[in-house]
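# Coordinates for the following, if possible.
(one chain, ligands or ions: 2)
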Amino acid sequence: MMAADQPMHGVPPSLSAKVVGSFAYLTVKDRLPTILTKVIDTIHRNKNKFFEEYGEEGITAEKQTISLLSKMRNELQTDKPVLALTDGLGKDIDYWNQYLQRQQGVQGDQESVSWFKSPWLYVECYMYRRIQEAVWLNPPINDYDVFNEGKTQSFFESQQAVMTLCTYLEGVNKNMEETSKSQLLEHFNKLLKVSLWGNKCDLSISAGQDNSQKTSPIDSLNSLEPFILVDDSNMVWSTLISAQRQGQSGKTTSGRVDIVLDNAGFELVTDLVLADFLVASGLAREIHFHGKSFPWFVSDVTANDFQWTIKQTMAANHKWMSKSGVQWQSYLKEGVWSYHDHPFWTLPHEFCDMAADAPDLYATLQGADLVLFKGDLNYRKLTGDREWDHTVGFDTALRGFGPAPLCSLRTLKANIQVGLQPGQAMKLCSQDPDWMTSGKYAVVQFYSPNSEQ
Ligand SMILES: O=P(O)(O)OC[C@@]1(O)O[C@H](CO)[C@@H](O)[C@@H]1O
Ligand SMILES: [Mn+2]
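Residues are numbered from 1 along each chain as shown. Ligands and ions are numbered 1, 2, ... in the order given. Now for the predicted structure:
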């Protein structure tokens, strides 16, 4: 395993809070402590609930969890060394602690692996793992999701947009038989872009503030088009088409699409709608969703969020929304859709380490005809969260990661972006200095290991 920031020929250094004034620095200095404070506040506000459920034991657990979290906030703010994990509960402990040791090896003995001196990707992931450690160490509240309130609220606040989207989906699916290939392509493009822009709605960039979708997601697409900096959607389409095979009976079968999910709330609904369309249109035979095994980066999808969202959609008092929910539930039941999680998704590793460090997950992804990676954090892990030149190819930044044809659907919320045209970044910088971190711009960036020379 390569630890982040390891000096390697031709590979740029990791983004880090050690660059004072950088986005990484501001995140570690301001956004992460704000998120921690909100977590502490949420646990405290739920004190009565814990008491009602568990009596005095619940209160003791609440106090101890808060005390561990305050201690961590203090370590962060005073740039203390990153500590080894001690909960002994997760299957991931050895990976985290080995990663810390390697990081120490990279930085050398003179400099400690501390919050502001280490790679941003590492310390940011580590904070979420330590939040989970604090919760896990404190039964009986150890299955409490500290981000649940924000995720459910963001779902309810996007109701109007969800209804619009499900109504649109119904219109598309109802006429599927008579749909020409060019109309199908048009629908595909729209729903792929809806899923792309759904990524604007994460709660980590806003440090937990409301960031839900209020306007019609379909109507906004045209005006958002100029903000897509790289648009490889035609390659996603051709990958799906070339995965289609003629069976012996003359029936066409299509490929398997894996979606590496990002946020719950509106973004998840956009992903489910896209997945529904892919299956209903015959562009995909099977969808595998990949989520997180514990609460992560404020709004990321866990198994619980996934099931809850489908149940809520089914129970909605809106004809097309509930119809969609019922359909999704039956796709799951029939195995056309499936939900998976793997500890690797909640490790700090760059994806180029996956083949060596999580060979089982790598092999799973190799079974897909197309893997869609949602969101900013997945993009950071795809590209290693490094100071790449903006004109470096996506394939170069992937550094050998390529289990299957893949595509990143990401709105830009961290200062990393590869695969741009010469001069494109400079122009953006002069027009809009925050272009990499505001979530206003997006990319649909594709790579296929099959097209390697
Ligand atoms: O992966 P997501 O949900 O699109 O974004 C997660 C995110 O908000 O978290 C970090 C902020 O701290 C940024 O890297 C990134 O923008
Ligand atoms: Mn996220």
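# If we ignore the residues flanking it in sequence, what's nearest residue 252?
Excluding the flanking residues, the one nearest residue 252 by Cβ to Cβ, 6 or more residues apart in numbering is residue 244, at 5.3 Å. Every C-beta, even on glycine, is put in place using the N, C-alpha and C of the backbone.
# That neighbour and residue 281: what is the separation?
Distance, residue 244 to residue 281, by Cβ to Cβ, to the nearest Å: 11 Å.
# cool, and residue 304?
Distance, residue 304 to residue 281, using Cβ to Cβ: 30 Å.
# The two: which has the busier surroundings?
Shown here are residue 304 and residue 281; by other Cβ atoms under 10 Å, residue 281 has more neighbours (18 against 15).
# Model confidence for the more buried one, exactly?
Looking at residue 281, its pLDDT reads 97.
# can you check the one 5 residues further on too?
Reading off the confidence values, residue 286 has pLDDT 98.
# With residue 207 instead?
The model reports residue 207 with a pLDDT of 58.
# Also residue 211?
63.
# cool, and the one 4 residues further on?
Among the per-residue scores, residue 215 shows a pLDDT of 70.
# cool, residue 250 as well?
Note on residue 250: pLDDT of 83.
# What of residue 451?
So, for residue 451, pLDDT stands at 80.
# ok, it - how many residues close by?
Residues lying near residue 451 (other Cβ under 10 Å) number 11.
# what residues are up against it?
By Cβ atoms under 8 Å, 6 or more residues apart in numbering, the contact list for residue 451 is empty.
# That one and residue 256, how far apart?
Distance of residue 451 to residue 256, computed by Cβ to Cβ: 19 Å.
# same check, this time on residue 275
Separation of residue 275 from residue 256 (Cβ to Cβ): 12 Å.
# Equivalent analysis for residue 272, please.
Taking Cβ to Cβ, one finds residue 272 at 17 Å from residue 256.
# ok, these two, which is more surrounded?
Neighbours per residue (other Cβ under 10 Å) separate residue 272 from residue 256, with residue 272 holding more: 29 against 16.
# Which helix or which strand is home to the more buried one?
Assigned by DSSP states H and E, residue 272 belongs to helix 266-280.
# Counting neighbours, what do you get for residue 84?
Neighbour number of residue 84 under other Cβ under 10 Å is 11.
# Which residue lies closest in space to it, excluding its sequence neighbours?
residue 97 (4.9 Å).
# Okay, now the unreliable bits of the stretch 351-453 of the chain?
Residue ranges of the stretch 351-453 of the chain with pLDDT under 70: 452-453.
# Now with 50, please.
Across the stretch 351-453 of the chain, the ranges flagged by pLDDT under 50 are 453.
# For it, which segments count as strands?
370-374, 406-411, 442-447 (DSSP state E, counting those that start in this stretch).
# now do the chain
228-231, 245-246, 252-253, 255-260, 284-291, 337-341, 370-374, 406-411, 442-447 (DSSP state E).
# Note down every partner strand of the second one and its orientation.
Read that as strand 245-246. Next to strand 245-246 in the sheet, as set by DSSP bridges, lie strand 252-253 (antiparallel).
# who touches the strand it pairs with?
244, 245, 246, 247, 282, 285.
# residues touching the residue lying closest to the fifth one once chain neighbours are set aside, list them.
Translated: residue 282. Nearest residue to residue 282, sequence neighbours excluded (Cβ to Cβ, 6+ apart): residue 254, at 5.7 Å. By Cβ under 8 Å, 6+ apart, the contact list for residue 254 reads 240, 243, 244, 245, 282, 283, 284, 285.
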